[in-house]
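>>> Sequence and predicted structure are below.
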Protein chains: 2
Amino acid sequence: MEELVAQVRQGRRRAIARLITRVERSDVEARLAVQALYAATGRAHVIGITGSPGSGKSTLVNELAKAFRRHDRQVGIIAVDPSSPFTGGAVLGDRIRMRDLSGDEGIFIRSMASRGSLGGLARATSAVVKVLDAAGFDVILVETVGAGQAEVDIARVAHTTLVIEAPGMGDDIQSIKAGILEIADILVVNKADRPGAANTVKALRMMLHLGGEMSMRHHGELVAVAAVDGAAPAGAWHVRVYETVAPDGQGIPELVAAIQAHYDHLQASGEWLVREKDRSRQDIAQLLQAHFMEQLALAVPVADREALIAAVARREVDPYTAVARLFAQVNNVNSAAVAV
Amino acid sequence: MEELVAQVRQGRRRAIARLITRVERSDVEARLAVQALYAATGRAHVIGITGSPGSGKSTLVNELAKAFRRHDRQVGIIAVDPSSPFTGGAVLGDRIRMRDLSGDEGIFIRSMASRGSLGGLARATSAVVKVLDAAGFDVILVETVGAGQAEVDIARVAHTTLVIEAPGMGDDIQSIKAGILEIADILVVNKADRPGAANTVKALRMMLHLGGEMSMRHHGELVAVAAVDGAAPAGAWHVRVYETVAPDGQGIPELVAAIQAHYDHLQASGEWLVREKDRSRQDIAQLLQAHFMEQLALAVPVADREALIAAVARREVDPYTAVARLFAQVNNVNSAAVAV
């Protein structure tokens, strides 16, 4: 495992891929490897890209990756699909993408699907970001399919978050998810050559304007008062709407410049450290809950837990009492371990 | 508090409202009251209603409430808004709704907004359902704004889940959230008099058909193979698409009949107990995590936690080591408590 860690630090592609596979399996040794790599992280610019299915997100991510490559940056792409096996679109999309970007040693692509637990997926994504960061990637693009709370949580591992819309999806102001706008540092209307693009841009700007009056919160910290008319206070970040046509590369240079400007803003304003703290807080919370659930699984056999759940469902035990009992069992096991 | 519990059991409106307010404040005594009421729960039919903003959900919920009243059922409505203060639509909607339904003693309405923590909102919603259940409401309608993971989690407190779409939102099969369809027991296309309604119905039926081939999972248990062409196995529940025009009451009797049929199906198939167990499992998991975080807050002062987070952000400590330290502190405090 020490050898693997050393190879990952050197940016060896096969070592990176092998470690990620073990991270996804929640392998204990993989956790030790990520732990060993942690001190070497903190250099990469992590960019979250989220938005509705059908917004052309994957094509846009590919174009962004190519643009960063032209600036000689090493690019990691993590495509996360928290949705059910229902769709199956991601796999096809990934194959097309691999063909498009393959042959460039400066790009590493990995797709991750939720296999049951969303919490597990968020933890794994966070660990894979650490692996790529320690491996020397300058830019890490974390793409999530969909626009629900899961995607928002996953986007929280990012320093800069792009929210992608497409014409016809954002016309109805009601249908624009407020939560997703709140996490956006940069808004993109992709497929901007389609009919209705101007309306979508207008609707988003209006939404930003309305939001500006209430002030925008980023990652729990008040960092900017967004406004389209330049009313934001000095030093604050302006959330702006960009238009792109991804397959043509139209609007991509402007978008890359905006991403770079956001990076500079984070560094100059001290916001970079605020976001690093938010990422650490989130990491710790996720790992704590996972650790507690592991301890519970060790302390209380599945059959006992299921019997307790059934008793609660039959109203023989109330859930608060059930929780107190389970908690006491975890404590007893841990106290015994301490005593030994 | 014993007095309050007794009054809630008698269905006294003011006592119910007072207890819910205390539940929302995470009041310790309120928790004891809910605990005391728990044995009296398990009778109500809990119906989750979710779907995109703009689907006319609130109006539909009002019409459903009126229809259940005509069947002489006591109806509780919990309107949950997990989205940001960005929109502000819920408050206005609630005021209109209150006017529409006020004066009927058989209807109790409560709206709940997320004040920061989604987990907290899910726990509070679950507790409020218990209060209304113990107070003797026959039907509890839990309405959630939006269609993300948060809403899905909140919908899990329901026995029967309705997913509402409106024309123009579901035309693009890509834009229909797979996750939300998976939790649906009944699909509704509201505003069915609008142009494009037939397309939306068709798209949903096609989606169900595609889903049918992969089999549908409900609450983690395989309960039905959905199909539009009657290919579902005997005894399985058919997810069907209903059309409504809520302000006219059009389609409402058919929808109420479908809800009742689902209730009968749950009872006859034994699925009711399966769902009760799922609800209990979810309840226990939520309460366990909350309890653990409370213990952590007691064991580790905020300043210490923040210092540790900052050290992780600066790469001086890795997150796994941080978690091990925090966990050890919780254990030490608990072991000491056991020893005393």
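Everything's here; your move.

>>> Every contact and neighbour count from this point should use C-alpha atoms.
Will do.

>>> Tell me which stretches of the stretch 101-250 of chain A form helices.
A:118-134, A:149-155, A:178-182, A:197-214 (DSSP state H, counting those that start in this stretch).

>>> Report the distance from the first one to the chain centre.
The reference is to helix A:118-134. 9 Å (Cα atoms, centre = their mean, to the nearest Å).

>>> Name the surrounding residues that touch that helix.
Contact partners of helix A:118-134, identified using Cα atoms under 8 Å, 6 or more residues apart in numbering or on different chains, comprise A:8-9, A:16, A:20, A:23-24, A:26, A:34, A:37-38, A:40-44, A:46, A:76, A:78, A:80, A:82, A:112-115, A:140, A:150, A:153-154, A:157, A:283, A:286-287.

>>> Restricted to buried residues, select those in ChimeraX.
Buried residues among those (16 or more other Cα atoms under 10 Å in any protein chain shown), as a ChimeraX selection:
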select /A:8,9,16,20,23,24,34,37,38,40,41,44,46,76,78,80,82,112,113,114,140,150,154,157,283,286,287
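
>>> contacts with chain B among the contacts of helix A:118-134, please.
A:38, A:41-42, A:150, A:283, A:287 (Cα under 8 Å from any Cα of the partner chain).

>>> how far does stretch A:138-156 stretch from start to finish?
18 Å (Cα to Cα, to the nearest Å).

>>> Can you report how many residues neighbour A:Ala297?
A:Ala297 has 13 neighbouring residues, counting by other Cα atoms under 10 Å in any protein chain shown.

>>> could you point out the longest helix in chain A?
helix A:271-299 (DSSP state H).

>>> I'd like to know which elements that helix is packed against.
helix A:118-134, helix A:319-339, helix B:302-313, helix B:319-339 (3 or more Cα pairs under 8 Å, 6 or more residues apart in numbering or on different chains; DSSP states H and E).

>>> give me that answer again for 10 Å
helix A:118-134, strand A:221-224, helix A:252-269, helix A:302-313, helix A:319-339, helix B:271-299, helix B:302-313, helix B:319-339 (3 or more Cα pairs under 10 Å, 6 or more residues apart in numbering or on different chains; DSSP states H and E).

>>> what's the angle between it and helix B:302-313?
110 degrees (axes from the mean of the first three to the mean of the last three Cα atoms, to 10 degrees).

>>> quick one: A:Thr50 from A:Val157, how far?
12 Å.

>>> for the host helix or strand of A:Thr21, packing partners?
Using DSSP states H and E, A:Thr21 falls within helix A:13-24. Counting contacts by 3+ Cα pairs under 10 Å, 6+ apart, helix A:13-24 packs against helix A:2-9, helix A:28-37, strand A:107-113, helix A:118-134.

>>> Check which residues of stretch A:65-73 are buried.
For stretch A:65-73, by 16+ other Cα under 10 Å, it's A:65-69, A:73.

>>> thinking again about what came up before, quick one: mean pLDDT for the longest helix of chain A?
Averaging pLDDT along helix A:271-299 gives 91.

>>> what distance separates that helix from the centre of its chain?
15 Å.

>>> again, but for stretch A:61-75
19 Å.

>>> what about it, average pLDDT?
Rounded mean pLDDT across stretch A:61-75 is 95.

>>> Output it as PDB - backbone C-alpha positions only.
Output of stretch A:61-75 as PDB, limited to C-alpha atoms (Å, rounded to 0.1, in the frame of the first residue of the first chain):
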ATOM      1  CA  VAL A  61     -17.500  19.300 -19.100                       C
ATOM      2  CA  ASN A  62     -15.500  17.800 -22.100                       C
ATOM      3  CA  GLU A  63     -15.100  21.200 -23.700                       C
ATOM      4  CA  LEU A  64     -14.000  22.700 -20.400                       C
ATOM      5  CA  ALA A  65     -11.500  19.900 -19.900                       C
ATOM      6  CA  LYS A  66     -10.000  20.500 -23.400                       C
ATOM      7  CA  ALA A  67      -9.800  24.300 -22.700                       C
ATOM      8  CA  PHE A  68      -7.900  23.700 -19.400                       C
ATOM      9  CA  ARG A  69      -5.600  21.300 -21.300                       C
ATOM     10  CA  ARG A  70      -4.800  24.100 -23.800                       C
ATOM     11  CA  HIS A  71      -3.700  26.100 -20.700                       C
ATOM     12  CA  ASP A  72      -1.500  23.100 -19.800                       C
ATOM     13  CA  ARG A  73      -3.400  22.100 -16.700                       C
ATOM     14  CA  GLN A  74      -3.700  18.500 -15.700                       C
ATOM     15  CA  VAL A  75      -7.500  17.800 -15.500                       C
END
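
>>> before we move on, back to that, looking at the helices and strands packed on helix A:13-24, which is buried most?
helix A:118-134 (a mean of 22; mean count of other Cα atoms under 10 Å in any protein chain shown).

>>> so who does the residue lying farthest from the centre of chain A touch?
The centre of chain A is farthest from one residue, A:Glu316, which by Cα atoms, centre = their mean lies 41.5 Å away. If a contact means Cα atoms under 10 Å, 6 or more residues apart in numbering or on different chains, then A:Glu316 has A:308, A:310, B:38-39 as its contacts.

>>> Mind picking out the helix or strand in chain A with the poorest mean pLDDT?
Ranking every helix and strand in chain A by mean pLDDT, DSSP states H and E puts strand A:221-224 at the bottom, with a mean of 37.

>>> A:Ser26 belongs to a strand?
No. A:Ser26: not assigned to a strand; according to DSSP: H, G, I helix; E, B strand; the rest coil it is coil.

>>> Please report how far it lies from B:Val323.
16 Å.

>>> Give me the phi and psi angles of the nearest residue to A:Pro195 once chain neighbours are set aside.
The spatially closest residue to A:Pro195, leaving aside those adjacent along the chain, is A:Pro167, at 6.9 Å (Cα to Cα, 6 or more residues apart in numbering or on different chains). With angles defined as degrees, to the nearest 10, A:Pro167 sits at phi -60, psi 140.
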